[in-house]
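Chemist: Any chance you can model this:
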Amino acid sequence: MDMGLVQMAVNFKNSMTMADVSTAVLAKALDTNRDLGQGMVEMLDSAALERSVNPAAGGNIDISV
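Modeler: Numbering: from 1, shown residues only. Below you'll find the model as predicted:
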């Protein structure tokens, strides 16, 4: 197959566009994961604060059968 210069340029531009889109999606996924991780750290910190104020909380489980 003989591709003309114009077709090669179009194919190259399409490839670059797809690479840009993939990079943008990856960046968004990384931002989302960073935010989720930050939320988990905050949640763990709040649990640690509760344990420091009330160390007996959650230490025992009452079960009735």
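Chemist: so where does the spatially most central residue of the chain fall, helix or strand?
Modeler: When C-alpha atoms, centre = their mean is applied to the chain, the residue found nearest the centroid is Asn33 (1.9 Å). Taking DSSP states H and E as the definition, one finds Asn33 inside helix 5-53.
Chemist: Just name whatever secondary elements that helix is in contact with.
Modeler: Contacts defined by 3 or more C-beta pairs under 8 Å, 6 or more residues apart in numbering; DSSP states H and E place helix 5-53 against no helix or strand at all. Bear in mind the C-beta positions are built from the backbone N, C-alpha and C, glycine included.
Chemist: 388 is where my numbering starts, stick with that
Modeler: Taking 388 as the first residue, the last one we looked at is helix 392-440.
Chemist: gap between Lys411 and Asn420?
Modeler: Just so we're on the same page, residue 411 is Ala rather than Lys. Distance of Ala411 to Asn420, given as C-beta to C-beta, to the nearest Å: 15 Å.
Chemist: I meant Ser409, not that one.
Modeler: 16 Å.
Chemist: residue ranges with poor pLDDT in this protein?
Modeler: The chain contains residues with pLDDT under 70 at 388-390, 444-445.
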